[in-house]
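>>> mind folding the following:
(2 chains)
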Amino acid sequence: AQSVTQLDSQVPVFEEAPVELRCNYSSSVSVYLFWYVQYPNQGLQLLLKYLSGSTLVESINGFEAEFNKSQTSFHLRKPSVHISDTAEYFCAVSNSGGSNYKLTFGKGTLLTVNP
Amino acid sequence: NAGVMQNPRHLVRRRGQEARLRCSPMKGHSHVYWYRQLPEEGLKFMVYLQKENIIDESGMPKERFSAEFPKEGPSILRIQQVVRGDSAAYFCASSPLTGLTEAFFGQGTRLTVV
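Numbers count the residues shown, from 1 in each chain, chains lettered A, B, ... in the order given. Here you go, the predicted structure:
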């Protein structure tokens, strides 16, 4: 069985401040890792994913996440946030082999960016 | 190319009624997945379907819930005799191949049982 822990349910920050949203997972097999973002009243959008290769992955809007296998973490970071980054962020994991359609999600972190 | 379309966006049902949730996958996608998000929880896998086939329904409650993805038309998640505990957001995702590495999610249907 897999599990995902997002340590912070809410993270308030000021605009242009750096932010880190923490994600730890447990799994007995190799994994794929994902971050999804859910803007208010919208569906989930894939922000970035780690499948293999470089452990540092980046999104087009300035977020990055680093896969740390020894610490079983996949923290999401952005050096300078904008008001428009206010949303709920979900970390998720799946098997890298069969059944990789079954994502296990964390409970989410609500990022609120204040002016 | 429209994204994954779910309707209705909001659905209110009285206890004991039936709820039908629809999901139209992206064009060219033949794999559909349903997830449920209970209040204060992360999304949980319910079922994986391909056209006319249920591949994995290990996350579906054993009673009252069913899903289909016919040859023509949208995928349907059906909940019979709804109870208050069924109140949740139901999300559908689709992909061109099996797996969620290239999947897109819809906006979800928020079901409220009163």
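>>> quick one: the strands in chain A, in order.
All strands of chain A, identified by DSSP state E, fall at A:3-5, A:10-14, A:19-21, A:24-26, A:31-38, A:44-50, A:56-58, A:64-68, A:73-78, A:87-95, A:104-105, A:109-114.
>>> check contacts around B:Gln6.
By Cβ atoms under 8 Å, 6 or more residues apart in numbering or on different chains, the contact list for B:Gln6 reads A:Gly43, B:Leu21, B:Arg22, B:Cys23, B:Ser24, B:Tyr90, B:Phe91, B:Cys92, B:Gly106, B:Gln107, B:Gly108, B:Thr109. Just so you know, the C-beta spots here come from the backbone N, C-alpha and C atoms, and that holds for glycine as well.
>>> show me what contacts the spatially most central residue of chain A?
Using Cα atoms, centre = their mean, the residue of chain A that lies closest to the mean C-alpha position is A:Trp35, 3.3 Å off. Counting by Cβ under 8 Å, 6+ apart, A:Trp35 touches A:23, A:46-49, A:59, A:63, A:65, A:74, A:76, A:89-92.
>>> which one of the residues you listed sits closest to B:Gly3?
Nearest to B:Gly3, judged by Cβ to Cβ, of these is A:Leu46 at 11.8 Å.
>>> roughly how far does the closest one sit from A:Leu33?
Using Cβ to Cβ, to the nearest Å, one gets 12 Å for the distance from A:Leu46 to A:Leu33.
>>> just A:Leu7 next, same as before
Taken as Cβ to Cβ, the span from A:Leu7 to A:Leu33 is 16 Å.
>>> neighbour-wise, which of these two wins?
The residue with more neighbours, out of A:Leu7 and A:Leu33, is A:Leu33; 24 against 13, by other Cβ atoms under 10 Å in any protein chain shown.
>>> okay, and the beta partners of that one?
A:Tyr50, A:Val93 (DSSP bridges).
>>> contacting residues around stretch B:34-48?
Contacts of stretch B:34-48 (Cβ under 8 Å, 6+ apart): A:4, A:44, A:90, A:92, A:101-108, B:23, B:31-33, B:49, B:54-60, B:65, B:67, B:75, B:77, B:87-93, B:105, B:108.
>>> show the buried residues in the residues you listed.
By the neighbour-count criterion of 16 or more other Cβ atoms under 10 Å in any protein chain shown, these include these buried positions: A:4, A:44, A:90, A:92, A:101-108, B:23, B:31-33, B:49, B:57, B:59-60, B:65, B:67, B:75, B:77, B:87-93, B:105, B:108.
>>> low pLDDT regions in the chain?
Assuming you mean chain A. Under the criterion pLDDT under 70, the flagged ranges of chain A are A:98.
>>> not quite, go with chain B.
B:1-2, B:99-100.
>>> show me what from it comes close to chain A.
Residues of chain B found near chain A (Cβ under 8 Å from any Cβ of the partner chain) are B:4, B:6, B:31, B:33, B:35, B:40-45, B:48, B:56, B:59, B:91, B:93, B:95, B:98-101, B:103-108.
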